[in-house]
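Colleague: Quick one: sequence plus predicted model below, questions after.
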Amino acid sequence: MDAQLFKRFCHIAYDRAGIFLKDGKEALVSARVAKRLRALGMESISDYIDFLENDETGQEVVHFLDVISTNFTHFMREPDHFDLLREKAREWAEAGVGKLRLWSAASSSGEEPYSIAITLEEALAERGANYLILATDISTQVLARARNAVYKASTLKAFSKAQIQEHFLKRPDLEGDEPFFEVKPNLKEHLVFKRLNLSKPPFPMSGPMDVVFCRNVMIYFDQEVRQRLVSEAERLLKPGGLLMIGHTETLTGVQHNLKPIRPSVFVKRQPGESTKTPERRGGGR
């Protein structure tokens, strides 16, 4: 792929999804786009980029974003976040807080929001779990997998046998090289899945949210998009609500009114507690 073609793909990725493709990603983009060429019966990348740029329906742009997006995830990823969620959920329940509202901003194929649901079910078992999780992603393909909620046994390694029995149903009707399990309906009913472009705020949902999981997605954005995203997450959080970002991410240089309380965890300050200031370098790591 020559530099000019790559530049055109970069423009579409950034303009439509805020995804910043760095130099040196030409081979990766070429390999990912080859899947769409085969699906459409096209022979050249130049024909495909012409088609993509003139896609009035936007359907092919969605397919393009699906193939270039990295959707690596697994259950209970970065488990300290779920330990904190369990602790805070019990604390809020004891304080008489009613229904909890949470947002999984880049939910991918569902492992993160279902991990949130399982954590809350177990933390609030004695009191009765009352919560709603909004799970969003830009990829229609992974959202479909998330709604389906069927996973291979090997992906459930983070759970004990007792947890799998409690929260999943075995699907003997599905054949494969290993057993399949489906998330139980009582968990699914607490989740709402929506397609959302995180680079295009303001977002249509309203707050207040108790917790926002916005993990391992800002690494794909430039500073401008990160600023818009964090500002919107802050708007949706209630005072005292939590923002969790990925362990490798930072809010350095981003203007916000959030206080770091643990590595990669921030709490929204109470009104009047402080003015917005950029995080000090290293303060969110």
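Modeller: Received it, and whenever you're ready, just let me know what you need. Numbers count the residues shown, from 1 in each chain.

Colleague: Looks like Glu112 contacts His74 (just checking).
Modeller: No. If you go by Cβ atoms under 8 Å, Glu112 and His74 don't touch, sitting 9.1 Å apart. C-beta here means a position set from N, CA and C on the backbone, and glycine is covered the same way.

Colleague: higher neighbour count, the two?
Modeller: Shown here are Glu112 and His74; by other Cβ atoms under 10 Å, Glu112 has more neighbours (28 against 15).

Colleague: residue ranges with poor pLDDT in the protein?
Modeller: Filtered on pLDDT under 70, the chain yields the residue ranges 70-71, 274-285.

Colleague: List the contacts of the residue located most distally from the centre of it.
Modeller: Ranked by distance from the centre of the chain (Cα atoms, centre = their mean), the top residue is Glu43, with 33.7 Å. Residues counted as contacts of Glu43 (Cβ atoms under 8 Å, 6 or more residues apart in numbering) are Leu37.

Colleague: Using the three-state scheme, assign the residue positioned nearest the centre of the chain.
Modeller: Centroid-nearest residue in the chain, with Cα atoms, centre = their mean: Ala106, separated by 1.3 Å. Of the three states, Ala106 takes coil under DSSP: H, G, I helix; E, B strand; the rest coil.

Colleague: which residues sit in contact with it?
Modeller: Glu112, Thr136, Asp137, Leu198, Cys214, Arg215, Asn216, Val217.

Colleague: how close does it sit to Ile138?
Modeller: Ala106 sits 8 Å away from Ile138, taking Cβ to Cβ, to the nearest Å as the criterion.

Colleague: Name the residues contacting each of those two.
Modeller: Common neighbours of Ala106 and Ile138, using Cβ under 8 Å, 6+ apart, are Leu198.

Colleague: Ala162: which element?
Modeller: Applying DSSP states H and E as the criterion places Ala162 in helix 161-167.

Colleague: can you give me the helices for the stretch 1-150 of the chain?
Modeller: Ranges of helices in the stretch 1-150 of the chain, per DSSP state H, counting those that start in this stretch, are 3-17, 26-40, 45-53, 59-68, 79-94, 111-123, 140-148.

Colleague: Figure out which of those helices is closest to Phe221.
Modeller: When the helices of the stretch 1-150 of the chain are compared by Cβ to Cβ, helix 3-17 sits nearest Phe221, at 9.3 Å.

Colleague: Not counting the closest one itself, show me its contacts.
Modeller: Residues outside helix 3-17 that contact it (Cβ under 8 Å, 6+ apart): 19-21, 25-26, 29, 33, 45-46, 49, 52-53, 61, 64-65, 68-69, 138, 197-199.

Colleague: Show me which of the residues you listed are buried.
Modeller: Using 16 or more other Cβ atoms under 10 Å as the burial test, the contacts of helix 3-17 include 19-21, 25-26, 29, 33, 45, 49, 52, 61, 64-65, 68-69, 138, 198-199 as buried.

Colleague: Quick one, which of the helices of the stretch 1-150 of the chain gets closest to Arg228.
Modeller: Among the helices of the stretch 1-150 of the chain, the nearest to Arg228 by Cβ to Cβ is helix 3-17 (12.8 Å).

Colleague: Just the CA coordinates for that closest one, please, in PDB.
Modeller: Extracted C-alpha coordinates of helix 3-17, given in PDB (Å, rounded to 0.1, in the frame of the first residue of the first chain):
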ATOM      1  CA  ALA A   3       1.600   6.400   1.200                       C
ATOM      2  CA  GLN A   4      -1.300   8.200  -0.500                       C
ATOM      3  CA  LEU A   5      -3.700   5.300  -0.200                       C
ATOM      4  CA  PHE A   6      -2.800   4.800   3.400                       C
ATOM      5  CA  LYS A   7      -3.400   8.500   4.000                       C
ATOM      6  CA  ARG A   8      -6.900   8.200   2.600                       C
ATOM      7  CA  PHE A   9      -7.700   5.200   4.900                       C
ATOM      8  CA  CYS A  10      -6.300   7.200   7.800                       C
ATOM      9  CA  HIS A  11      -8.600  10.100   7.000                       C
ATOM     10  CA  ILE A  12     -11.700   7.900   7.000                       C
ATOM     11  CA  ALA A  13     -10.700   6.100  10.200                       C
ATOM     12  CA  TYR A  14     -10.200   9.400  12.000                       C
ATOM     13  CA  ASP A  15     -13.100  11.300  10.600                       C
ATOM     14  CA  ARG A  16     -15.600   8.600  11.200                       C
ATOM     15  CA  ALA A  17     -14.400   7.000  14.400                       C
END
